[in-house]
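> 3D model of this:
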Amino acid sequence: MKLDTLADVFFTIAQRRSERVAMTRHSGAWQPISSAQFQAWVYATARHLMSWGIGQGDRVAILSENRPEWAIADFAALLIGAIDVPIYPTQTPEQCLHILQHSEAKVLFFSTRAQYEKIAAIIPLTKIERLVMMDLPDGVHSVIPMREFLQDAPLGDDPEIESIARSIKPEDTATLIYTSGTTGNPKGVILTHGNIASNLSMTRELVHVGANDLCVSFLPLSHITARHLDYLLYYRGVTIAYCSTIEELPKVLQEVRPTIFVAVPRVYEKVCNQVQLKAQGAKKKILNWCLSVGKKHRHTILAGNRPRALDWKLANRLVFSKLRENLGGRVWLFLSGGAPLGVDLAYWFADAGIPIYEGYGLTETSPVIALNLPEAHKIGSVGKPLKNLELRLADDGELLVRGPSIFQGYWEMPEETVAAFHDGWFKTGDIAAIDEEGFLSIVDRKKDLIKTSGGKFIAPQPIENALKVNMFVAEAALLGDRRKFPAVLIVPNFQVLEEWAKDHGLHTISREELVRSDKVRDLYQSIVDELNSNLAQFEKLKRMLLVPHEPSIADGTLTPSMKLRRRKVEERYRREIEALYAEAHRPETVPVGKR
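Sure thing, here's the model as predicted:
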């Protein structure tokens, strides 16, 4: 079927006449949603939007966790030519206010009473004319229950809406996606129907999935990666099971047993850490032996094949099969995106019998620029670029891209739009390399590169990712820009550390006291020392700062897409960082006291 606009994705769903295009949990049990029912709900929602005067170019905001109503509101807006504006459900009232005011949205779909309580006070400051609640209102006034117009939605076609949808052009704006950003207010990325559809037309040919597959939708649909993925899955006939929170994911995986698993590196890090945490004593020796066996057969695994050697079969029975069972037991395709996976983590999973195929892109590129696949896979790279994109490297190594999936600009921000391009090429902000086989590798974010006072450039992400493979490390942020030497700020994985502390006689002490403990400092120093043995001399971490506070979206140290805001972290601990460098003669670890 043709794929020129996102309306074509919807028509593909409707014409498939499937009994199960999606699944949702209702009253404790998973219920299928047929293509006929999905079509009816979308048309009913589109009808209500039209009755409220919403049409071509009007903005419709969606503030919700992943659930069928998210997709219904999305397609309903797209079919009538409206522009939808997704908002992360974790964003603060102030962040929601900025997006609603800047986009001048007229309708807001939101999920729960908790979301209503968050935004109720700011709505009078916006141009929102209608509030639509996905859950039942339960005493909340001045909102329209979405269920009210879904429950009696008539089945069948709607010629008027279909006519409007088929009149949409590829150059029409589909969505404004406000990038989470690492500094300042988010910018509204303008993506057209053609931008996203052209990107989908490439990934649909590369990712061979179909009606026999099932995928859990848990990455926030506010993010372009999850949005693109769900469009692709719907188009290819894959069943989507909606999971509203990351906390529910382990249970959902066991219940629906997906065949496709797509996650950000943070999720894979947690899986790795949990396996290491459970492997204590004799179990640790067994795990290490199994991983050593896996390493011998890494090439076979990365090619997408199952080793036949007896030692691998034993390792599989002892460990690897149990790891796959924890992820549902049926996954054959593991994908990673949204942030760098890290070479060490990719090798760990490959040695455990799970090849993870990493991709790369940005909101501004709709998003996929490159993707690893079983037939063309190289760990340490993000794969080969899509065939409809042109790539080149600037003199300083920054990756420049152009092609049909590149965004139109930033909403109402002409100066920022001009600054994002160079002679018609989009500046990704990433330092990259392309090898002789055509594989693209991302070195680091250009603005994150650290230049020591000695003039040496250090890419933080590979070093940070190497640290985070260790189960005792939750987050790491490299320090040292314009300083004499590099250092590292480490956020311990307190779930693991607190168990370790009990086993080592450190009972009932606070996190502040933990990071002051000599035993804990020695533990983390040994982790840093091990890493240093594999680093170049100018990269070696000379000091370490342990902190007792986990980063969060609420305090601004994490983006809504769960990436560390390095500058915010450095601002939070500026005093301690200054002390670390000012008193370099002090012991190797400088713990943070109670703040």
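
> Compute the first-to-last residue distance for stretch 244-261.
Terminal residues of stretch 244-261 lie 16 Å apart, using CA to CA, to the nearest Å.

> can you list the residues that contact it?
Where contact means CB atoms under 8 Å, 6 or more residues apart in numbering, the residues beyond stretch 244-261 that reach it are 23, 25, 30, 65-67, 209, 212-216, 218, 233, 238, 241, 243, 267, 326-335. Using the backbone N, CA and C atoms, a C-beta is placed for each residue, glycine as well.

> Phe261 falls within a strand, correct?
Yes - judged by DSSP: H, G, I helix; E, B strand; the rest coil, Phe261 forms part of a strand.

> Show me what it is bridged to.
Here Phe261 sits in beta bridges with Phe334, going by DSSP bridges.

> Please name the residues that touch Ser64.
By CB under 8 Å, 6+ apart, the contact set of Ser64 is Trp70, Ala73, Pro89, Phe109, Phe110, Ser111, Gln115, Met134, Leu221.

> Next one: it from Met562, what distance?
Ser64 sits 18 Å away from Met562, going by CB to CB, to the nearest Å.

> follow-up on the earlier one: mind giving me the PyMOL select for the contacts of stretch 244-261, buried ones only?
To isolate the buried ones among the contacts of stretch 244-261 in PyMOL, judged by 16 or more other CB atoms under 10 Å, type:
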select buried, resi 23+25+65+66+67+209+213+214+215+216+218+233+238+241+243+267+327+328+330+331+333+334+335
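
> Filter the contacts of stretch 244-261 down to the ones in strands?
Met23, Arg25, Trp30, Leu214, Cys215, Val216, Ala241, Leu333, Phe334, Leu335 (DSSP state E).

> how about those in CSV, adding distance to Leu150 and pLDDT?
Below are these laid out as CSV (distance: CB to CB, whole Å; pLDDT from 0 to 100):
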residue, distance to Leu150, pLDDT
Met23, 17, 97
Arg25, 17, 92
Trp30, 19, 97
Leu214, 24, 98
Cys215, 24, 98
Val216, 23, 98
Ala241, 19, 98
Leu333, 32, 95
Phe334, 34, 96
Leu335, 32, 96
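
> Dump the residues you listed to a markdown table, plus distance to Asp138.
As requested, the ones in strands among the contacts of stretch 244-261 are exported to a markdown table (distance: CB to CB, whole Å):
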| residue | distance to Asp138 |
| --- | --- |
| Met23 | 25 |
| Arg25 | 19 |
| Trp30 | 24 |
| Leu214 | 32 |
| Cys215 | 32 |
| Val216 | 28 |
| Ala241 | 26 |
| Leu333 | 40 |
| Phe334 | 40 |
| Leu335 | 38 |
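
> if we take those residues, which one ends up nearest to Gln276?
Nearest to Gln276 among these, counting by CB to CB, is Phe334 at 18.5 Å.

> domains of the chain?
With domains defined by automatic domain parsing, the chain comprises 6-168+207-258, 449-582.

> contacting residues around stretch 129-146?
Taking CB under 8 Å, 6+ apart as the rule, stretch 129-146 contacts 45, 48, 52, 64, 67, 69, 73, 106-113, 116, 123, 147.

> these two touch, right, Thr225 and Gly338?
Yes - using CB atoms under 8 Å, Thr225 makes contact with Gly338 at a distance of 5.1 Å.

> Not counting residues beside it along the chain, what's closest to Asp230?
Take Asp230 and drop its neighbours on the chain: the residue closest to it by CB to CB, 6 or more residues apart in numbering is Ser217, 5.7 Å away.

> err, Phe421, not the other one
Nearest non-adjacent residue to Phe421, counting by CB to CB, 6+ apart: Lys427, 6.6 Å away.

> what about the one you found, how many neighbours?
If you count neighbours by other CB atoms under 10 Å, Lys427 ends up with 16.

> now Ala263
23.

> wait, what's in contact with it?
Leu219, Leu335, Ser336.

> quick check, nearest of those to Asp444?
For these, the minimum distance to Asp444 (CB to CB) is 17.2 Å, reached by Ser336.

> give me every residue that touches the closest one.
By CB under 8 Å, 6+ apart, Ser336 lies in contact with Val262, Ala263, Val264, Pro265, Tyr268, Ile356, Tyr357, Glu358, Gly359.

> any idea which of the residues you listed is closest to Leu545?
Closest to Leu545, out of all of these and judged by CB to CB, is Pro265, at 22.7 Å.

> what's around the nearest residue to Leu302 once chain neighbours are set aside, how many residues?
Closest residue to Leu302 apart from its sequence neighbours, by CB to CB, 6+ apart: Pro355 at 5.1 Å. Around Pro355 there are 21 other residues, counting by other CB under 10 Å.

> wait, isn't Pro355 in contact with Arg306?
No - taking contacts as CB under 8 Å, Pro355 lies outside contact range of Arg306: 10.9 Å.

> Could you report the neighbour count for Phe109?
Count around Phe109 with other CB under 10 Å applied: 28.

> Whichever strand or helix holds it pairs with which strands?
Using DSSP states H and E, Phe109 falls within strand 107-110. Note on strand 107-110: by DSSP bridges, its sheet partners are strand 59-63 (parallel), strand 130-133 (parallel).

> mind checking which of those is nearest Gly505?
Of all these, strand 59-63 comes closest under CB to CB, at 47.8 Å.

> Need the winner for burial among the strands paired with strand 107-110.
Scoring those by mean neighbour count under mean count of other CB atoms under 10 Å gives strand 59-63 as the most buried, with a mean of 26.

> I would like the residues contacting that one, please.
Contacts with strand 59-63, where a contact means CB under 8 Å, 6+ apart, come from 49, 54, 70, 73-74, 77, 82-87, 89, 96, 99-100, 103-111, 115, 119, 128, 176, 221-222.

> and those, which of them are in strands?
Counted as lying in strands by DSSP E, out of the contacts of strand 59-63, are Ile83, Asp84, Val85, Pro86, Ile87, Val107, Leu108, Phe109, Phe110, Leu176.

> per-residue pLDDT, the fourth one?
By that I understand Pro86. The model reports Pro86 with a pLDDT of 98.

> Run a quick neighbour tally on the closest residue in space to it that isn't next to it in sequence.
Of all residues not flanking Pro86 in the chain, Ser222 sits nearest, at 4.0 Å (CB to CB, 6+ apart). Around Ser222 there are 25 other residues, counting by other CB under 10 Å.

> what about Ser222, distance to Asp351?
Look at Ser222 and Asp351: by CB to CB, they are 34 Å apart.

> In the strand ranked longest in the chain, which residues are buried?
When the chain is parsed with DSSP E, its longest strand is strand 425-434. Using 16+ other CB under 10 Å as the test for burial, strand 425-434 gives Trp425, Phe426, Lys427, Thr428, Asp430, Ile431, Ala432, Ile434.

> With pLDDT and distance to Leu506 added, can I get these in CSV?
What follows is the buried residues of strand 425-434, written out as CSV (pLDDT from 0 to 100; distance: CB to CB, whole Å):
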residue, pLDDT, distance to Leu506
Trp425, 98, 55
Phe426, 98, 51
Lys427, 97, 49
Thr428, 96, 45
Asp430, 94, 42
Ile431, 94, 42
Ala432, 95, 44
Ile434, 96, 49
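
> Got a PyMOL select line for the buried ones in the contacts of stretch 129-146?
Buried residues among the contacts of stretch 129-146 (16+ other CB under 10 Å), as a PyMOL selection:
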select buried, resi 45+48+52+64+67+69+73+106+107+108+109+110+111+112+113+116+123
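
> Start from the N-terminal end of the stretch 451-595 of the chain and give the helices.
Under the criterion DSSP state H, counting those that start in this stretch, helices of the stretch 451-595 of the chain are mapped to 460-468, 494-503, 511-516, 518-532, 566-572, 574-582.

> What is the fifth one packed up against?
Just to be clear, that refers to helix 566-572. Helix 566-572 makes packing contacts with strand 473-479 when contacts are defined by 3 or more CB pairs under 8 Å, 6 or more residues apart in numbering; DSSP states H and E.
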